[in-house]
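[1] Below are the sequence and a predicted model for it; my questions follow.
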Amino acid sequence: MKLRNAVASVAVAGALTLGVAGTASAQGNAPTSSVPGSGHLIITCEHAKERLDKIEAHLTKVEERIANAGKAVEKMRSQGRNDAADRLQKRIDAAKERIADVRTRLHNVETRVAERCK
């Protein structure tokens, strides 16, 4: 576990270092633009729909994992491990709340994409 954390922290530190260095070197060569919003990423309708499909697929996988965790809670309770089952159930409930929030935001984005990509 300590090795895993060390590797992760080195990876994050390296990414931050390269990100800052890349930003610093890019700032000197970037032309200035007087058009507001010209630095925004332009996303096509097809690209937006592909991203929404990927997000939906990911949410489905997460919900399946939550269902499996619910089965694990039942198994823990049958084995008399109620404290562990309570802790896991608390995490499951929090994850379900986050999923509900993400689903709401996803629905709002899908509505906007549908309006703009007729």
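    Perfect, I can see it now. Numbering: from 1, shown residues only.

[2] got the buried residues for the host helix or strand of His58?
    Following DSSP states H and E, one finds His58 within helix 45-78. For helix 45-78, burial by neighbour count (16 or more other C-beta atoms under 10 Å) applies to 48, 55, 73, 76. The way it works is simple: take the backbone N, C-alpha and C, and place the C-beta from them, glycine included.

[3] My guess is Leu106 contacts Leu59. True?
    Yes. Between Leu106 and Leu59 a contact is recorded at 7.3 Å, counting by C-beta atoms under 8 Å.

[4] where does the chain have low pLDDT?
    Within the chain, the set of residues satisfying pLDDT under 70 comprises 1-40.

[5] picking that back up, helices or strands up against the helix or strand that the helix holding His58 is followed by?
    Scanning forward in sequence from helix 45-78 by DSSP H and E, the next helix or strand is helix 82-116. Using 3 or more C-beta pairs under 8 Å, 6 or more residues apart in numbering; DSSP states H and E, the elements in contact with helix 82-116 are helix 45-78.

[6] Now do the helix it packs on: which elements does it pack against?
    Helices and strands touching helix 45-78, by 3+ C-beta pairs under 8 Å, 6+ apart, are helix 82-116.

[7] and the nearest residue to Glu63 once chain neighbours are set aside, how far is that from Val62?
    The shortest distance from Glu63 to any non-neighbouring residue, by C-beta to C-beta, 6 or more residues apart in numbering, is to Ile99 (6.5 Å). Using C-beta to C-beta, to the nearest Å, Ile99 is found at 6 Å from Val62.

[8] Now do the phi/psi pair for Gly80.
    Per-residue torsions, Gly80: phi 80, psi 20 (degrees, to the nearest 10).
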